[in-house]
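Asks: I'll drop the sequence and a predicted model, then ask my questions.
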Amino acid sequence: MRSIITNGREGKMKKISIIEGKLSKKCLPEYLSVEATAPAREFHKTLPEYRKTPLANLKNLAKELGVKGIYVKDESKRFGLNAFKALGGSYAISKIAENEDDPSKAVYVTATDGNHGRGVAWAAMKLGARAEIFMPVGSMECRAEAIRSIGDSKVEITDMNYDDAVRFAADYAKKNGYHFVQDTGSEDYEEIPNYITQGYSTMAFEAAKQLESLGVEKPSHLFLQAGVGSMAGGVLGFFAHYYKKNPPITTVCEPWQVACIYESIKSGNDGPTNVGGFPKTIMAGLNCGEPNPFTWPVLRDFASFAAKCGDDVTRIGMKTLAHPLGDDPAVVSGESGAVGLGLLYILCTDPAYAEYKNLLGIDENSEILIFSTEGDTDPEGYKEIVNGEEA
C-alpha cells in the first residue's frame, strides 16, 4: 500500500491513499453479462423519459493533463432526476410490479442519502403507487424535499447512520407488508439488489457504444466511485464481460472517512470489511459503511486499485467540470459525482503524486472514462463550491 498526504498545488492538504487490488479475475457473476442485462436496457427504452445521457469529450482537459482522452458520462441528465440512480430503482420496481395484481396499491420502502430515494419515488409514482423513504442523520433537507415533491412520497430523516437506516427500512417494510427496494443485500435479500445493479449497467452499455462511435474501442482507464459498491461493482462487472475479462484499469474512489471497499481490499480477506460510526463527508451519496455482498466479489477480483480521498478531491473535480477549458462542454457534477475526475486531475498536475500516476499507468496514451453520477443535488452547496475559492 502506498499512501500520500501532502500539500497540493493550492497549498492545502490533499488526503489521498491508493492501494492495489487483487486482480485475481475469479468471480464474474453471470447476471452482469451483456446478455443478462439486456432486459434492463430494453425496459429503460420503454420509458418516455429515456434518452442516452451525454458522454462529454473533454479534449482540452485531456491535453492539459497530458493524456490522450478524457470522457465523462453525464448522469445529471438522466430521466430529469439529476442522477443515475433511477436506472436501478425503476427496473427493480418493474420486476416487482410484474407479480402485483394492482401495482398502484403497492408501497415501496427504501433508505437513501437522496438520489436512490428520488429514483424509487419516481418509479413508484409512474405506477400510481407511493414510496416511503428513510434518510440517515445529517441528510440535506433540500434532498428530502426533492423526494417529497414526487407523488405522494413520505420522507423521514432519521438519527441513524446510513447502514442502520437500511436495516430499519427493511424491518419497517417487512412489518407492514411493503416492498423493500435497496441496492445492497444480505443472505436472505438478493434478487432486488441484483435487479438494481443490472439497471445501473445501462449507462455502462451506453458509454461503451458512445466511445466506439468516437473511435475508442476500449478505455484504458476507468474511475468509479463507491458507496456500498453496487454501481461500481455493476459497471465493472459489466465491462469485465463486455471486454472479455479484460476490463480497463479500474480505480474505485471513496471518501477518506468512510472507505469500506478500500478497507475490504486492504484487509486481504475474501469477505468485505465494514466501517461503522457516523462519518462525515460532503460526498453524501458515498457515505456508506457496509459493502453490498453481491458486488463486493467483483470489486475484490477485478478492481485494479482502490482510492480513498478527502473532500477536497471531489471539490476540485466539481470545479474542473464546471469551468471547462476552451470549447470543452461543462458538466454539472455534484459532490458524489466528481471525485474520480478530481483524483485524476490531482495525479496529473501535482508532482507530489507522480508515484501514484505512474502506479496507475496514466500517460500520453491513456483514454480515460469517468462516470459523473449526479448533478447539483444540493444546489446551494454546489454553487458555493464551484464559484468559491480554490479547494
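Replies: Okay, I see it. Numbers count the residues shown, from 1 in each chain.
Asks: can you give me the helices for this structure?
Replies: Assigned helices in the chain, in chain order: 34-46, 59-65, 86-97, 115-126, 141-148, 162-176, 191-213, 230-242, 260-267, 296-302, 311-322, 339-349, 354-360, 379-386 (criterion: DSSP state H).
Asks: Any chance of JSON lines for those, columns mean neighbour count, mean pLDDT and distance to residue 253?
Replies: For glycine as for every other residue, the C-beta is placed from the backbone atoms N, C-alpha and C. JSON lines is the format used below for those (neighbours: other CB atoms under 10 Å; pLDDT from 0 to 100; distance: least, CB to CB, whole Å):
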{"stretch": "helix 34-46", "mean neighbour count": "16", "mean pLDDT": "98", "distance to residue 253": "23"}
{"stretch": "helix 59-65", "mean neighbour count": "18", "mean pLDDT": "98", "distance to residue 253": "17"}
{"stretch": "helix 86-97", "mean neighbour count": "26", "mean pLDDT": "98", "distance to residue 253": "19"}
{"stretch": "helix 115-126", "mean neighbour count": "27", "mean pLDDT": "98", "distance to residue 253": "17"}
{"stretch": "helix 141-148", "mean neighbour count": "18", "mean pLDDT": "96", "distance to residue 253": "21"}
{"stretch": "helix 162-176", "mean neighbour count": "18", "mean pLDDT": "97", "distance to residue 253": "18"}
{"stretch": "helix 191-213", "mean neighbour count": "22", "mean pLDDT": "98", "distance to residue 253": "16"}
{"stretch": "helix 230-242", "mean neighbour count": "27", "mean pLDDT": "98", "distance to residue 253": "9"}
{"stretch": "helix 260-267", "mean neighbour count": "23", "mean pLDDT": "98", "distance to residue 253": "9"}
{"stretch": "helix 296-302", "mean neighbour count": "24", "mean pLDDT": "98", "distance to residue 253": "12"}
{"stretch": "helix 311-322", "mean neighbour count": "25", "mean pLDDT": "98", "distance to residue 253": "8"}
{"stretch": "helix 339-349", "mean neighbour count": "26", "mean pLDDT": "98", "distance to residue 253": "5"}
{"stretch": "helix 354-360", "mean neighbour count": "17", "mean pLDDT": "97", "distance to residue 253": "12"}
{"stretch": "helix 379-386", "mean neighbour count": "16", "mean pLDDT": "96", "distance to residue 253": "17"}
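Asks: Can I get those in CSV including distance to residue 332?
Replies: Putting those into CSV (distance: least, CB to CB, whole Å) gives the following:
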stretch, distance to residue 332
helix 34-46, 22
helix 59-65, 16
helix 86-97, 17
helix 115-126, 14
helix 141-148, 15
helix 162-176, 24
helix 191-213, 16
helix 230-242, 19
helix 260-267, 26
helix 296-302, 27
helix 311-322, 7
helix 339-349, 12
helix 354-360, 26
helix 379-386, 7
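Asks: Between the ones you listed, which one is closest to residue 333.
Replies: helix 311-322 (4.6 Å; CB to CB).
Asks: on contacts alone, who are the packing partners of that closest one?
Replies: With contacts defined as 3 or more CB pairs under 8 Å, 6 or more residues apart in numbering; DSSP states H and E, the packing partners of helix 311-322 are strand 13-20, helix 339-349, helix 379-386.
Asks: So what's the gap between the first one and the chain middle?
Replies: How far strand 13-20 lies from its chain's middle: 19 Å, per CA atoms, centre = their mean, to the nearest Å.
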